[in-house]
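Colleague: sequence first, then the predicted structure:
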Amino acid sequence: MTMTLGEIAVRFGLELIGDPGLAVDGVAALAGAGPGKLTFCTGAKYRRELAATRASAVVLARELAADCPVAALVSPNPYAAYARIALALHPLPAVTGGRAPGAVVAPTAQVPPSAWVGPNAVIGAGAVIGERCSIGPNCVVGEGVVLGDDSRLLAGVTLHAGVVAGRRCMFKAGAVVGSDGFGFAPDTDGYVKVPHLGGVRLGDDVEIGANTTVDRGTIDDAVIADGVKLDNQVQVGHNCRIGAHTVVAGCVGISGSSTIGSRCMIGGAVGIAGHLEIGDGVVVTGYTLVTHSLPGPGVYSSGWPAIEAARWRRAVARLHRLDARGRGAKGRQGDE
Amino acid sequence: MTMTLGEIAVRFGLELIGDPGLAVDGVAALAGAGPGKLTFCTGAKYRRELAATRASAVVLARELAADCPVAALVSPNPYAAYARIALALHPLPAVTGGRAPGAVVAPTAQVPPSAWVGPNAVIGAGAVIGERCSIGPNCVVGEGVVLGDDSRLLAGVTLHAGVVAGRRCMFKAGAVVGSDGFGFAPDTDGYVKVPHLGGVRLGDDVEIGANTTVDRGTIDDAVIADGVKLDNQVQVGHNCRIGAHTVVAGCVGISGSSTIGSRCMIGGAVGIAGHLEIGDGVVVTGYTLVTHSLPGPGVYSSGWPAIEAARWRRAVARLHRLDARGRGAKGRQGDE
Amino acid sequence: MTMTLGEIAVRFGLELIGDPGLAVDGVAALAGAGPGKLTFCTGAKYRRELAATRASAVVLARELAADCPVAALVSPNPYAAYARIALALHPLPAVTGGRAPGAVVAPTAQVPPSAWVGPNAVIGAGAVIGERCSIGPNCVVGEGVVLGDDSRLLAGVTLHAGVVAGRRCMFKAGAVVGSDGFGFAPDTDGYVKVPHLGGVRLGDDVEIGANTTVDRGTIDDAVIADGVKLDNQVQVGHNCRIGAHTVVAGCVGISGSSTIGSRCMIGGAVGIAGHLEIGDGVVVTGYTLVTHSLPGPGVYSSGWPAIEAARWRRAVARLHRLDARGRGAKGRQGDE
């Protein structure tokens, strides 16, 4: 799509320093952009690239405007402004209602004419699909699932019975929502499976990453609140509750029955033990193990940065040597 | 389903303190249960919720019976007893034999009339499906796969050729069993793929979690023994052997050619290196790296609990400073 | 397939010590092999098994030839030689062109007669499939995807629009390539999605593991170079570039916009932060967190090996006690 800088400034409430009649038809990186493209600059460390840019316009903060050799669109939050403009220039393909070959839709499912059901997708009995939803190829929507308007399942997604999702949700390829959790009661001759009778409730604007898994509740519903974004390969155990606008990076594992507050940021590969309470606004840096409840807001860590392997082996040995000394001096130090 | 407490006591061998004619029709949480529901109480720390419960009956241990304001079902293992009763009250939906639209079943596959083949599921040549199996939507069963009676594939599951599974196995959505493993021989111009000629043998009552992957053997079969439960997002490398009734929590990675004993408990996100032997009854706590074989039984750990990020950075710096001091004093201490 | 040792020696350039007319029809493990089988021995630690082998022939290094009780095929790289011979004896099943029932191929997709489209596979508009490609059951090939000759998608694979792959690539079950990455601009009322306009370019001989996810570029393409092998459950964030012949073990997470050099070896469950540069020939041992760019070549670590849980708890406490001492003595030591 093509827009003039004037249209962009008006629509997104930005100050324009430059020609309002100049048109852009797409976005590009600061360094690689050419004429006709819009780009962004998020900080003074990119000042040199900014000075050399060949883009037609740059979205940036006021303090960089003087360094901009081309038209500038000034915003207090240039990255968010850029994202909104980029979505306008490169909109998601509109959903065309209909059913592709191979789609299997149960007679009792409610699928409005504005929704698309892709090739070989399966929609179970009693499911209720919102307006303009897109159920991509090979997706499986279980019995009675409810999907709000404008939600999209990309490909190979499974939503089990008991999932109720809000509007504008995005489920990426291979995501699985509503599995039974890992609930087994140990018994003399093995384990007894604990039935999972709760579902999963998702708010509006939730994004579930590719091959991410979200388990259901054992009795009550698991809850993923409005605006939550889960990256790829995330595992959310049964009975979890994740608060609004919390973002969870890739490969995170959240054990069962834990509650995460709102507006948290959980870094990649973090592990969160079960039955914990993480407060609002908590940041957990990547590769951290959370074993206790954490009050919010605050920043928490336990990841060891990589160093040369030989140095690392010495560091490991030294911690254990400390321990051994402590044990020898145990009676005196009384520290165990 | 509705059962009287008398029926439950007899069927599960529990002592009933209360009216045997009282009926329950489902389970609920101790705090949230109302009349007509059965619940459970697993410990004295829930004594207050127990005193306030409005459930019709509670499964509990003898020492809590006196505190129970309603009918009590007494068991030495209340959680397992609860799980069994809950399964009886909320049974898995029975499998109705037949083939859904879009199912593609090879002519030489053996699928009994009691088994269900879901929409767009694919069953390869020579596969042998047991009685009352359920092959869910979009699942793929490879050539010659053998599935024992009453096994279920939920949705989007892939079982490759060479998989032989026992009875009552459960494969959750997106699980992949029988992939070639990560076997490559380094050579001057890259890597040569090592053929994977073994399969995967699974015992009875195995559960494979959503989006979990289990690789096959290079020459001999990989083995997942009776009663093993793998949670979601687990990766089991080629040639592994996992002993009976071992449970593996989410996001665990087990490298190739390792053997895990029986009745082990592997915590979430644990990493186990290749070619190791883990004994029977080993417990590995969450977020631990296992680099050596571990005799069993025993409990092993190496996860660092999260603390405030600023404190954590100091702790990291201090370990490395220790190391630096040690290096300075190396000749004298002779510890390297 | 059956081959004589003479044929093998000639075809793979190996020295044969034994009867060139002897035939083998398959491979087996050193300890388990019987007559008619070929096996390999990679080191002196297997000397005892070598002495006892009942195989017809063993691929080994010169220094072990004298210990071999049967025919020997001598190679400077016995494992790679074995892998090549094993592939010749057990070739991948040839691809038979055609379309299975339930396959949905867009009219504008280019699929040559030599390629196979499996049951319920979906190929989008404008996709270009190479000669002898195999698109397995329930795979989804997005609009305009380009696949080089002899590439294979096993089952349930999703390649999104914008993926361009080379020759002889292998995509294992459940792999997802070309997802939008985890790009969100924080704003006052939540997050704004950043459009992902780049694709993913994969070289020749790339292998993508089961349930592995590779995100696309935000503006430019993400790149997976020739010969890269990604194991199962790997996550590669948006805008990453991975150099030729780098191997990445299972459960690794690579955050967005990081560049990995060529011929690196990334161990299992490693986490790599975003926007880093990892040099050529870097080895990262398993369960390591990489937070800074790493020059190559070199070996880097940060994983703590498991020990008994009680000892581990003491070691953790001691590091923190060190920290507390340091804080008490802060003014004097000036180390913070």
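Modeller: The structure has been received and is ready for your questions. Numbering: from 1, shown residues only, chains lettered A, B, ... in the order given.
Colleague: does A:Val140 have beta-bridge partners, and which?
Modeller: Per DSSP bridges, the residues bridged to A:Val140 are A:Val122, A:Thr158.
Colleague: what is the neighbour count of it?
Modeller: 30 (other C-beta atoms under 10 Å in any protein chain shown). For every residue, glycine as well, the C-beta is placed using N, CA and C.
Colleague: that one touches B:Cys139, doesn't it?
Modeller: No: using C-beta atoms under 8 Å, A:Val140 makes no contact with B:Cys139, being 9.6 Å away.
Colleague: spatially nearest residue to A:Pro113 (excluding sequence neighbours)?
Modeller: Closest residue to A:Pro113 apart from its sequence neighbours, by C-beta to C-beta, 6 or more residues apart in numbering or on different chains: A:Gly97 at 4.8 Å.
Colleague: what's the closest non-adjacent residue to A:Thr188?
Modeller: Nearest residue to A:Thr188, sequence neighbours excluded (C-beta to C-beta, 6+ apart): B:Asn77, at 8.0 Å.
Colleague: hmm, that neighbour is touching A:Asp189, no?
Modeller: No: applying C-beta under 8 Å, one finds B:Asn77 not in contact with A:Asp189, separated by 11.4 Å.
Colleague: of the two, who's got more company?
Modeller: The neighbour count for B:Asn77 versus A:Asp189, taken as other C-beta under 10 Å, is higher for B:Asn77 (17 against 8).
Colleague: that one and B:Ala28, how far apart?
Modeller: Separation of B:Asn77 from B:Ala28 (C-beta to C-beta, to the nearest Å): 20 Å.
Colleague: buried sites along stretch A:65-75?
Modeller: Residues A:Asp67, A:Cys68, A:Val70, A:Ala71, A:Ala72, A:Leu73, A:Val74, A:Ser75 are the ones in stretch A:65-75 that count as buried (16 or more other C-beta atoms under 10 Å in any protein chain shown).
Colleague: same deal with stretch A:19-26?
Modeller: A:Leu22, A:Val24, A:Gly26.
Colleague: mean confidence for it?
Modeller: If you average the pLDDT over stretch A:19-26, you get 97.
Colleague: how far off centre is it?
Modeller: In this view, stretch A:19-26 has its centroid 32 Å away from the chain centroid, taken as C-alpha atoms, centre = their mean, to the nearest Å.
Colleague: where do the helices sit along the stretch 201-336 of chain A?
Modeller: All helices of the stretch 201-336 of chain A, identified by DSSP state H, counting those that start in this stretch, fall at A:309-328, A:330-333.
Colleague: mean pLDDT for the ones you listed: which is lowest?
Modeller: helix A:330-333 (a mean of 39).
Colleague: output the buried residues of stretch A:65-75 as CSV; include the columns pLDDT.
Modeller: Converted to CSV, those look like this (pLDDT from 0 to 100):
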residue, pLDDT
A:Asp67, 94
A:Cys68, 96
A:Val70, 97
A:Ala71, 97
A:Ala72, 97
A:Leu73, 98
A:Val74, 97
A:Ser75, 96
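Colleague: just those residues: which are in helices?
Modeller: Using DSSP state H, no member of those falls in helices.
Colleague: re earlier: I'd say the residue nearest to A:Pro113 and A:Ser114 touch.
Modeller: Yes: with contacts counted by C-beta under 8 Å, A:Gly97 reaches A:Ser114, the gap being 4.5 Å.
Colleague: which neighbours do those two have in common?
Modeller: Common neighbours of A:Gly97 and A:Ser114 (criterion: C-beta atoms under 8 Å, 6 or more residues apart in numbering or on different chains): A:Arg132.
Colleague: nearest spatial neighbour of A:Gly144, chain-adjacent residues omitted?
Modeller: A:Gly144 sits nearest to A:Gly126 (C-beta to C-beta, 6+ apart), 4.4 Å away.
Colleague: look up phi and psi at that neighbour.
Modeller: Main-chain torsions, A:Gly126, degrees, to the nearest 10: phi 70, psi 0.
Colleague: tally of neighbours for A:Ala51?
Modeller: Neighbour tally, A:Ala51, other C-beta under 10 Å: 10.
Colleague: how about the one 10 residues further on?
Modeller: A count of neighbours around A:Ala61, defined by other C-beta under 10 Å, yields 19.
Colleague: tell me the contacts of it?
Modeller: Contacts of A:Ala61 (C-beta under 8 Å, 6+ apart): A:Thr42, A:Val74, A:Ser75, A:Pro76, A:Pro78.
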